[in-house]
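just a sequence and a predicted model for now, questions to come.
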Amino acid sequence: MATILVAALAGFRLFKRGMAVVEGLGDAADHISAGLSQEGTVVEYAANPRRYPHGTDATHADPEKIKKLRDKGKAERIEARRVRRVARRAQRGQAQNMRDLGLF
């Protein structure tokens, strides 16, 4: 009988603690959603770079076409890095690389 009473009390205590945790999670979710719904909290993300080729398109297509697409994607990524590098150096006031500016 005493064992059942101790188990019931432990279960009740565990239930009360669990409900307190759930209530705390609800309060945290309300706090986070209120912070996200404020004006002026729009975040702009950079565009995802296109990747050439991937998936079944790469395995079942013409190898020459895939090579051309892969080379095109590589050239686009190199150019995007160059543009970011020039902008970053200009923002910091650093000297630019002549090759990055396209002078040579």
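Received the coordinates, thanks. Please read all numbers here as calculations on a predicted model, not as lab measurements.

what about the longest helix belonging to the chain, distance to the chain center?
Longest helix of the chain, by residue count under DSSP state H: helix 2-36. With Cα atoms, centre = their mean, to the nearest Å as the basis, helix 2-36 stands 32 Å off its chain's centre.

lowest-pLDDT helix or strand in the protein?
helix 56-60 (a mean of 78; mean pLDDT, DSSP states H and E).

just the CA trace of that one, in CSV.
The C-alpha coordinates for helix 56-60 follow below in CSV (Å, rounded to 0.1, in the frame of the first residue of the first chain):
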residue,chain,number,x,y,z
THR,A,56,19.8,12.0,-62.3
ASP,A,57,20.2,14.8,-64.9
ALA,A,58,24.0,14.4,-64.4
THR,A,59,24.0,10.6,-64.7
HIS,A,60,21.7,10.2,-67.7
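
what residues of that helix count as buried?
Of the residues in helix 56-60, none count as buried by neighbour count, 16 or more other Cβ atoms under 10 Å. C-beta coordinates here come from the backbone N, C-alpha and C atoms, glycine included.

any weak-confidence spans in this structure?
Scanning the chain for pLDDT under 70 picks out the ranges 37-38, 40-43, 49-53, 104.

can you tell me the centre-most residue of it?
Y45 (9.2 Å; Cα atoms, centre = their mean).

checking that residue next. Helix, strand or coil?
Three-state call for Y45 (DSSP: H, G, I helix; E, B strand; the rest coil): coil.

report the contact partners of it.
Contact analysis of Y45 by Cβ atoms under 8 Å, 6 or more residues apart in numbering lists nothing.

can you pull the phi/psi pair for it?
phi -110, psi 150 (degrees, to the nearest 10).
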